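J.: Provided below for reference: sequence and predicted model.
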Amino acid sequence: MSSTISGINEAQVDARIIPALRSILPLLSMFSHVIEEEDRITSDTVQVPVAVDPTIGNKTAGTFVAAAGELAGATVTYNRFRGGGWDAVEGTMRASLLANYWLDKAEGAVYGAAKDIVDYVLALITAANFGNTDADKLIVAPADFGQLDAAQLWGKAKKKIKRQKQVFIMNTDFATALFGDSSMALINATSGKSLESAALPNFLDMNQVHYSDFPTNSQNLGGAVIGSGALAVALAKPSMFIKSGDGDCDERRVITDPDSGISCMYTVKTSAGGTKSGEVTVLYGVATTGLGAVVRLVTA
């Protein structure tokens, strides 16, 4: 189906937006998460499954061991309705250039929305949420961070996080220092990984991820080892109210990655003054679970 914008069709838009939607999947794997394919509105809630390991105890013959490993759900509210918009104003751009401009803006809005989700999740990694004792953090200057510090961080994480999958995510300063450590440099060189790839080699049973915009939270936060049960994220298909043809709405539809189910809403409208506007929106929610653990990496 052709769009109301000359030279742009649905297939072209989808080809740019769907890969951008998929970009969040590697980072979503760090958290407990659910992707709903039913449409939702703001203030709706969902239970995100968080598995709690059973406690092992004595068994009496002929009886069932008392349950001590419930499948618990963290309640997440869809309270983040976020979007990015752009305009094409009559008389400011040649028609032959509009298609590339429009597609770039649509793709960029989705990447920005994906980043907004990750930023909001990571901003919940605070002392108030995950503790502020020596067991909860490692304090070190970024320039001094190296293999031995990473090992110490790993030790704290193994004691606190236990069996859950652990991911070590760090900002650029810490990643650069670790990447430059003589031992780590050799590991990185032989693995073919680089800082630009975001995913760094597995080290001491921790998957390492470089994220340049790790929030400081006014707590000098530079990174964290995150247990997969610590934070819950829910994404859903935004419910559409206005349809194409209503008012100044030329096109409105939900675009979904067929593999992951992640969706966004794509809207095009036209004003009487000669402005064509585009918008991409996502609906999500985030919560701490109380069922996982985090060890923070704090700058000295």
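T.: Structure's in. What do you need?
J.: remind me which residues of this structure are low pLDDT?
T.: The chain contains residues with pLDDT under 70 at 1-7, 163-164, 181-206.
J.: In it, where's the longest strand?
T.: strand 275-288 (DSSP state E).
J.: Keeping just the C-alphas, turn that one into CSV.
T.: Taking Å, rounded to 0.1, in the frame of the first residue of the first chain, the C-alpha atoms of strand 275-288 are listed here in CSV:
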residue,chain,number,x,y,z
THR,A,275,3.4,20.6,6.9
LYS,A,276,3.6,16.8,6.8
SER,A,277,4.4,15.3,10.3
GLY,A,278,5.5,11.9,11.3
GLU,A,279,5.6,10.2,14.7
VAL,A,280,6.7,6.9,16.2
THR,A,281,5.6,5.9,19.7
VAL,A,282,6.2,3.0,22.1
LEU,A,283,4.4,1.9,25.3
TYR,A,284,6.3,0.3,28.1
GLY,A,285,6.7,0.0,31.8
VAL,A,286,9.6,-0.9,34.2
ALA,A,287,9.7,-2.0,37.9
THR,A,288,12.2,-3.3,40.4
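J.: any idea which helix or strand comes after that strand?
T.: Later in the chain than strand 275-288, the nearest helix or strand by DSSP states H and E is strand 294-298.
J.: partners of that next one, with directions?
T.: strand 137-139 (parallel), strand 221-227 (antiparallel) (DSSP bridges).
J.: and the ones you listed, which is most packed in?
T.: Comparing the strands paired with strand 294-298 by mean neighbour count (mean count of other C-beta atoms under 10 Å), strand 221-227 ranks first with a mean of 26. Just so you know, the C-beta spots here come from the backbone N, C-alpha and C atoms, and that holds for glycine as well.
J.: which other helices and strands contact the next helix or strand after it?
T.: Next helix or strand after strand 221-227 toward the C-terminus (DSSP H and E): strand 231-238. Packing partners of strand 231-238 (3 or more C-beta pairs under 8 Å, 6 or more residues apart in numbering; DSSP states H and E): strand 32-40, strand 45-51, strand 71-77, helix 95-122, strand 249-256, strand 263-270, strand 275-288.
J.: Go through the helix or strand that the fourth one is followed by and flag the buried ones.
T.: Okay, so that is helix 95-122. Following helix 95-122 in sequence order, the next helix or strand is helix 127-130 (DSSP H and E). For helix 127-130, the neighbour count (16 or more other C-beta atoms under 10 Å) marks residue 130 as buried.
J.: what's helix 127-130 packed up against?
T.: strand 294-298.
J.: List the contacts of the strand it packs on.
T.: Under the contact criterion C-beta atoms under 8 Å, 6 or more residues apart in numbering, strand 294-298 has outside partners 125, 127, 129-130, 135-140, 145, 153, 156-157, 160-161, 170, 174, 219-227, 230.
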